[in-house]
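Peer 1: what would the 3D arrangement of this be:
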Amino acid sequence: MEEKVEKKGLTFKEAVTEEKKIKKASKPKRSVQKSIKLVSIDIGSKFTKIVVGEKRKDILYINKVMRIKTAENSLTDGTLVNGVLLGKNIRAVLNNQGIKVKDVAFTNNSTSIINREVTVPKVYGDELDTLVRYEIQQFLPINLNDYILQYSEIEEVQETEAVRNRLIVVAYPKRIARSYFDMAANIGLKPNALDLHNNSIKKLYDNCNAVNGSLKSVQGTTLFIDMGAESFDVSIMLNGKLEFMRIMKTGGNIIDNKIADKFEINLEEAENKKKSEVDLGSFDLNNELNEVVKETVNEWIEELRRIIQFYANKNIGNKVSKVYLYGGTSNLNGLEQYMEKKLGIAVSKISSIDNIDIDKKIKVDNIEDYLNAFGALIRL
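Peer 2: Residues are numbered from 1 along each chain as shown. Coordinates of the predicted model:
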């Protein structure tokens, strides 16, 4: 997870080269490039989203947008289990599109990735690294040598006798990082970054001025839900700071399975029925299909209520005022209206962001599917 703070432990590339025992300590480190053309890849359980582009000044210039089916059984909870097959499929589409760019950024998430909020005395550099490691070791029974530690500042807290830093800390398993590094190397790509979905959307939102044609709120608390097939990534931001992250172990596949069982059809037919016939926005439409879907969506809403309440209890006075939906499952017809009515909070699906400039030769109707990949293009 990249943020504008002091050095935060190992980067993706440093962590993996350390594992391979490549000694580079004697070489000067390059400064991070803020404008570099990248292949950005978001590997989901159902689809792999690939974009090519770069950030120049405040604009994300997108040259290519592609989506391929993720090879079955190649990804489990964000970890590559068949990187060879998945890599071959990615290389094939890159070759087919004539893409010569070598630098790659991946964005993903996993329940194996640990995030915690800690508060430490305000210090800098190596001293802060040491404090963060100490704090994490106190309450997490993990071997820190197996993790990449990264952190970002949420805020400074003025206490009676001193100023303290409130941080969000991420412990990223090196085995997951290594699986992405190895796949990239096997298909001739050069790993530039490994990002989290939460951090990708945070950077994308930070970098824009308007969402869905309306100026974004520079203050207040905003909740983002990346609605995938097998899991939802929840991010809460306050005044441009990523304050809270949570994975909900649910997704659009649950609805497909319930429809298939109810109407005795196969999963492909169930998915098509969901896309073409469900309408949660028609509140008086209580047919069997809508009721099956509402049963699952109501469970999502209850879990979201618990998350929102948990956050509010920890952050008195910070009330979620806006919810943004994105990802494949956000396309469920009428979902935003239904959730808004149930939650009592303004809910919108993200359909446009003002600072994304997509090549006119490319037709992209479902921008909400690619937001993580777009955000990973932003290197800070």
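Peer 1: what about stretch 57-68, distance to the chain center?
Peer 2: Put simply, stretch 57-68 sits 17 Å off its chain's centre (Cα atoms, centre = their mean, to the nearest Å).
Peer 1: need the contact partners of that stretch.
Peer 2: Outside stretch 57-68, the residues that touch it by Cβ atoms under 8 Å, 6 or more residues apart in numbering are 37, 47-55, 89-90, 93, 97, 99, 204, 207, 355-359, 362, 364, 369-370, 374, 377-378. To be clear about C-beta, it is placed using only N, CA and C from the backbone, and glycine gets the same treatment.
Peer 1: just the buried positions in it, please.
Peer 2: Using 16 or more other Cβ atoms under 10 Å as the test for burial, stretch 57-68 gives 60-67.
Peer 1: closest to residue 296 out of those?
Peer 2: Nearest to residue 296 out of these is residue 67 (Cβ to Cβ; 24.6 Å).
Peer 1: can I get the one helix or strand the closest one maps to in PDB, CA atoms only?
Peer 2: Assessed by DSSP states H and E, residue 67 sits inside strand 59-69. Output of strand 59-69 as PDB, limited to C-alpha atoms (Å, rounded to 0.1, in the frame of the first residue of the first chain):
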ATOM      1  CA  ILE A  59      -5.000  12.900 -15.600                       C
ATOM      2  CA  LEU A  60      -5.000   9.200 -16.100                       C
ATOM      3  CA  TYR A  61      -4.500   8.400 -19.800                       C
ATOM      4  CA  ILE A  62      -5.800   5.000 -20.700                       C
ATOM      5  CA  ASN A  63      -4.600   3.400 -23.900                       C
ATOM      6  CA  LYS A  64      -6.000  -0.100 -23.600                       C
ATOM      7  CA  VAL A  65      -8.800  -1.800 -21.600                       C
ATOM      8  CA  MET A  66      -9.200  -5.600 -21.700                       C
ATOM      9  CA  ARG A  67     -11.100  -8.200 -19.800                       C
ATOM     10  CA  ILE A  68     -10.600 -12.000 -19.900                       C
ATOM     11  CA  LYS A  69     -12.100 -14.900 -17.900                       C
END
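Peer 1: report the two of the buried residues of stretch 57-68 separated the most.
Peer 2: 61 and 67 (19.3 Å).
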